[in-house]
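Novice: Predicted model and sequence below, questions to follow.
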Amino acid sequence: MNVSAAKELQLSGKEYVLAIVPVPARKAVAAALSDNSIHLVSLDLSHSTKIVDKSHERIVGMKNFDESTVMTWGNDGVKLWDLREQNSDSNKPLLWMKQGTLGPIVSCDFRDNIVVGGSELVGTDAGICLWDVTKPKADGMPFIEFPDVHNDDVTELRFHPTRENIVVSGSTDGLVNVYDIKETDQDEVVKQVFNHDSSIHFAGFTSANRVYVISHMETLSIYEMDFEKDDYVSREPLEFGDVRQKFGCEYVADIVPGYVISGSNNADTYAPGQVQLLPFRNETVTHENEAAGVVTLNEAHGTEVVRTVYLDAANDAVYTGGEDGYIRLWNVPDLQLGFGDFMTNEDTEMGGSDEGWQEVTPKKDKKDKKDMEDKKDKKDKKDKKEDKDKKEKREKREKKEKRKKEKEEADKKDKKKKEKKDKKDKKDKKEERFAPY
């Protein structure tokens, strides 16, 4: 499906639109700009109001917190803003959560009353911290910090959709950590680590025990979270590799339940300004242009990068914001949100449920289990064959080295014998030469 923009609104001539989130109580969306301002924009893009002039010294991101509140984060912590007021000249947040001993907050998420923030690298460590918005400290500090869970900036944080104590983080150190935040010990809070071998851009959950990860180099993989199983076996991830050539794009703008959102802004490589919503369901990404479900937003933001995409399925609408300072509205019917029906029996064994999931239900999937077992058997056989081949090569090498050593020793003995014989012959000749007549 090819779609052209229905409406557009320029919020700035020189600032980027960093985030667009819904504000249901105002029947509007909120937009965060790179000049640290927050704008309230009508759903039809007919008008906008700057509602916060300066949210942070340096804003990084924004999320919808509830019907009328948005959450922002940046160099000075995390803030909640009540957008029910028409203007906010005082720039006073509803709640200001400070990062304690950690560096600037560069990633953030929340579930119910708990907010988790991830920091920039300070010294040799980067960490996460947690606040309880119902029991804020007077000084705004977190109720707990884990200061050295990563070795570089924590670029992504996501709560598990159904388990309030499980969180994943991604970092530019290439690692994705799985946490149980009920733990209070630094050495116990990290339960599982995935090494993606490349700086992490996005990470999140596709099902109760599967984690998707995409790097700043646009490599996509899905890992299995199975640290709680008694029969724990480390399984190989499902790897998509570098998606740019496969998807015909230059970058991934975002991953949302049901879609990978790709973008292109270089006329020399792909269609400039093209943004595509690629269906991402059942661990498969549909990316052929004419395939069912693929949505192409034509000339989205020209040669400028798309920074944010908000899918409003209830109103058949997609909002995009870019580095050109524009918000654009696209009418897209039948948006299918949700990662698909592949929440297997292994998912439910972890204690997850389908509550809160869109189009995801617990299901006993024997085929998935059999495929996983077959894959494990193949890997075991391959490992055994590799071990056998290595052993045979080692034995051949050892035999060859042994023969070489024996030959060297034999040659050495022969040389000594020859030297001894030559010495004796020389002596005999000398004695014969000077023998009396």
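Specialist: Alright, I've got the coordinates. Numbers count the residues shown, from 1 in each chain.
Novice: From now on I want contacts and neighbour counts done on CA atoms only, so please keep to that.
Specialist: Fine.
Novice: mind listing what Leu43 touches?
Specialist: 27-29 (C-alpha atoms under 8 Å, 6 or more residues apart in numbering).
Novice: From those, list the buried ones, please.
Specialist: Buried residues within these, counting neighbours by 16 or more other C-alpha atoms under 10 Å: 28-29.
Novice: quick one: the helices in the stretch 101-250 of the chain?
Specialist: 186-189, 243-247 (DSSP state H, counting those that start in this stretch).
Novice: For the stretch 101-250 of the chain, which residues score under the pLDDT cut-off?
Specialist: 228-234 (pLDDT under 70).
Novice: Please give me every residue in contact with Ala176.
Specialist: One thing to correct before we go on: residue 176 is Val, not Ala. Val176 sits in contact with 168-170, 193-196, 200, 203, where contact means C-alpha under 8 Å, 6+ apart.
Novice: Dump those residues into a markdown table; add distance to Val78 and neighbour count as well.
Specialist: Putting the contacts of Val176 into a markdown table (distance: C-alpha to C-alpha, whole Å; neighbours: other C-alpha atoms under 10 Å) gives the following:
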| residue | distance to Val78 | neighbour count |
| --- | --- | --- |
| Val168 | 19 | 21 |
| Ser169 | 17 | 28 |
| Gly170 | 18 | 33 |
| Val193 | 26 | 16 |
| Phe194 | 27 | 17 |
| Asn195 | 28 | 13 |
| His196 | 28 | 22 |
| Ile200 | 21 | 28 |
| Ala203 | 20 | 24 |
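Novice: Nearest to Lys79 among those?
Specialist: Ser169 (20.1 Å; C-alpha to C-alpha).
Novice: beta partners of the closest one?
Specialist: Leu157, Asn177 (DSSP bridges).
Novice: Now do the same contact list for it.
Specialist: 118, 154-158, 176-178, 203.
Novice: Closest one of the residues you listed to Gly74?
Specialist: Closest approach to Gly74 among these (C-alpha to C-alpha): Gly118, at 10.3 Å.
Novice: That closest one against Thr155, yeah?
Specialist: Yes - under the criterion of C-alpha atoms under 8 Å, Gly118 makes contact with Thr155 at 7.1 Å.
Novice: In terms of neighbours, single out the busier of those two.
Specialist: Per other C-alpha atoms under 10 Å, whichever of Gly118 and Thr155 has more neighbours is Gly118, with 33 against 23.
Novice: What sits closest to that one if chain neighbours are left out?
Specialist: Among residues not flanking Gly118 along the chain, Ile128 sits closest, at 4.4 Å (C-alpha to C-alpha, 6 or more residues apart in numbering).
Novice: residues contacting the one you found?
Specialist: Contacts of Ile128 by C-alpha under 8 Å, 6+ apart are 102, 116-119, 145-147, 149, 154.
Novice: Give me the subset of the contacts of Leu43 lying in helices.
Specialist: Assignment to helices by DSSP state H places none of the contacts of Leu43 there.
Novice: mind putting the contacts of Leu43 in TSV, pLDDT and distance to Ile51 included?
Specialist: Converted to TSV, the contacts of Leu43 look like this (pLDDT from 0 to 100; distance: C-alpha to C-alpha, whole Å):
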residue	pLDDT	distance to Ile51
Lys27	95	15
Ala28	97	12
Val29	98	12
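Novice: Distance to Lys424 for the contacts of Leu43 - can I get that in JSON lines?
Specialist: Shown next, in JSON lines, are the contacts of Leu43 (distance: C-alpha to C-alpha, whole Å):
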{"residue": "Lys27", "distance to Lys424": "112"}
{"residue": "Ala28", "distance to Lys424": "109"}
{"residue": "Val29", "distance to Lys424": "105"}
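Novice: Let me know the closest of the contacts of Leu43 to Glu406.
Specialist: Nearest to Glu406, judged by C-alpha to C-alpha, of the contacts of Leu43 is Val29 at 82.4 Å.
Novice: surely the closest one meets Ala19?
Specialist: No - assessed by C-alpha under 8 Å, Val29 is found out of contact with Ala19, at 10.0 Å.
Novice: now the stretch 301-437 of the chain, which segments are flagged as low pLDDT?
Specialist: Ranges of the stretch 301-437 of the chain meeting pLDDT under 70: 340-394, 397, 400, 427-437.
Novice: quick one on the thing from earlier: between Gly118 and Thr155, what contacts are shared?
Specialist: Common neighbours of Gly118 and Thr155 (C-alpha under 8 Å, 6+ apart) are 106-107, 169.
Novice: Can you convert these into a markdown table and add a column each for distance to Pro237?
Specialist: As requested, these are exported to a markdown table (distance: C-alpha to C-alpha, whole Å):
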| residue | distance to Pro237 |
| --- | --- |
| Val106 | 27 |
| Ser107 | 25 |
| Ser169 | 17 |
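Novice: if we can go back for a sec, export the contacts of Ser169 to CSV and tack on distance to Asp242?
Specialist: Converted to CSV, those look like this (distance: C-alpha to C-alpha, whole Å):
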residue, distance to Asp242
Gly118, 26
Val154, 22
Thr155, 19
Glu156, 19
Leu157, 22
Arg158, 23
Val176, 18
Asn177, 22
Val178, 24
Ala203, 16
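Novice: Quick check: Asp334 is in a helix.
Specialist: No - under DSSP: H, G, I helix; E, B strand; the rest coil, Asp334 falls outside any helix and is assigned coil.
Novice: who touches the closest residue to it other than its chain neighbours in this structure?
Specialist: Excluding its sequence neighbours, the residue lying closest to Asp334 (C-alpha to C-alpha, 6+ apart) is Asp316, at 6.6 Å. Asp316 sits next to 331-335 when contact means C-alpha under 8 Å, 6+ apart.
Novice: That concludes my questions; thank you for your assistance.
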